[in-house]
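Engineer: Give the three-dimensional model of this entry:
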Amino acid sequence: MKADVAALSFLPEAVIFDMDGLMLDSERASLRCWSRAACEAGFEIEDDYWLRMVGHSTAACEAILRERLDDAQIEALLARCNVLYHEEVDAGVPLRPGIVALLQWLQQQGIPRGVATSTRRPLAPRKLENAGLLDYFDAVTAGNDVRRPKPAPDIYLLAAQRLGADPARCLALEDSPAGVTAALAAGMTVIQVPDLVMPDEALRARGHRIVASLTDAQRLLEARLAGR
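Structural biologist: Residues are numbered from 1 along each chain as shown. All right, here's what the predicted structure looks like:
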């Protein structure tokens, strides 16, 4: 991944952020909770299996679990995982590098900012508030605000609507393949900052920008602003 990817062709009307894995280093916490809950229940599931959960809704994760477990086992696993995850959230989830500087810069430029996260309410705004990020955003769209989760475009379309922005004039920042697919389907320009799951060749062929860090994403925006 290189920072010198194609410059943005427009200055966005709004920037819409994914949350987990992009702004918060919460995907690792989530994977730890899945693994620990499974071990406590006596399930032998390899660590790589949990990577399939990244960027997906609870319903999608349940579908993945159904490959290995029955409904009663899934219900118990989810309940224990939720307890463990809430403990992690209350203890404080680390920020991803560069997120505060990027949000402050966007705020200084007067560019509206929104969140489109698969995490449901009331947990989504709580995580942002605990991390000191909530006040940077004009709107937060959570997983239970829409009927269809990522990779469907619904959450990004609603996030743009809440910001009063044309989706085609929005920039989406994502880390996961499911989120990238959702934002592209909404007609947005996408910058992907991969974390735990790298884009495969099929996703790379979609032609969106892929950078190594949020700092690199900010540089692309600064370059666009300089060339207004």
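
Engineer: tell me the contacts of Pro125?
Structural biologist: Pro125 makes contact with 134, 140, 142, according to C-beta atoms under 8 Å, 6 or more residues apart in numbering. Every residue, glycine included, has its C-beta placed from N, CA and C.

Engineer: for this structure, what are the low-confidence residue spans?
Structural biologist: 1-4, 55, 227-228 (pLDDT under 70).

Engineer: Roughly how far does Leu220 sit from Ala6?
Structural biologist: 9 Å (C-beta to C-beta, to the nearest Å).

Engineer: Please enumerate the helices of this protein.
Structural biologist: For the chain, the helices defined by DSSP state H cover 26-41, 47-50, 58-65, 71-91, 99-109, 123-130, 154-163, 177-185, 201-204, 214-226.

Engineer: Remind me what the third one packs against, helices and strands.
Structural biologist: What it means is helix 58-65. With contacts defined as 3 or more C-beta pairs under 8 Å, 6 or more residues apart in numbering; DSSP states H and E, the packing partners of helix 58-65 are helix 71-91.

Engineer: ok so, going back, shared neighbours of Leu220 and Ala6, anything?
Structural biologist: What both Leu220 and Ala6 touch, as defined by C-beta under 8 Å, 6+ apart, is the set Arg209.

Engineer: Between those two, point out the one with more neighbours.
Structural biologist: Neighbour count, other C-beta atoms under 10 Å: between Leu220 and Ala6, Leu220 has more, with 19 against 9.
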